[in-house]
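> Below is the sequence, then the predicted model.
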Amino acid sequence: MFDFAKIEQSNDCISGFDENLNLVIWNGAVERKYQMPKADVLGRNLLELFPQIVNDFRVTCFRESIADRKSFFFSSLPYQYDHWGIYTQLIIPAKHPLPGNIKVLSIVRDHSEHERYMRNDLLQPLMGE
């Protein structure tokens, strides 16, 4: 089970969505990266906030994760829209009922092109005892 205190303290950008892709979690790292305070984004739809990604393959992954409870892991992707650099992303469905009707979580870690991460590298620091 996820430890929500660790999610907030994480240096990784972590966001959580309900079944309609409305934001339920927006941790401090993603708040700083996009310079969008939680109060301004929670409850709003992902595609309303970032209309440039409407046809992005990851939106399809979010929807499949919610509908079919699939996980997706992308390693060393280049940013395409509003940032420069490389990132790794894990899109993971909520396997158990989570507060706020969270259906899917996204964990994004920026890194250099030479670093490599595995799925557990992103998950393990967020797990409770």
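Good, I have the coordinates.

> Contacts for the helix or strand hosting Ala39 next, please.
Element membership for Ala39 (DSSP states H and E) is helix 38-41. Here helix 38-41 makes contact (C-beta atoms under 8 Å, 6 or more residues apart in numbering) with Leu23, Trp26, Glu31, Leu49. Using the backbone N, CA and C atoms, a C-beta is placed for each residue, glycine as well.

> What is the nearest of those residues to Lys95?
Proximity to Lys95 was ranked across those by C-beta to C-beta; first place goes to Leu23, at 20.0 Å.

> any weak-confidence spans in this protein?
80-83, 97, 129 (pLDDT under 70).

> How many residues are close by the closest residue to Val30 other than its chain neighbours?
Excluding its sequence neighbours, the residue lying closest to Val30 (C-beta to C-beta, 6 or more residues apart in numbering) is Cys13, at 3.8 Å. Neighbourhood size, Cys13 [other C-beta atoms under 10 Å]: 21.

> For Gly43, see how far away Cys13 is.
19 Å (C-beta to C-beta, to the nearest Å).

> all strands of this protein, in order?
13-17, 23-26, 72-78, 86-93, 104-111 (DSSP state E).

> Pull the distance from the first one to the chain's centre.
This points to strand 13-17. 4 Å (C-alpha atoms, centre = their mean, to the nearest Å).
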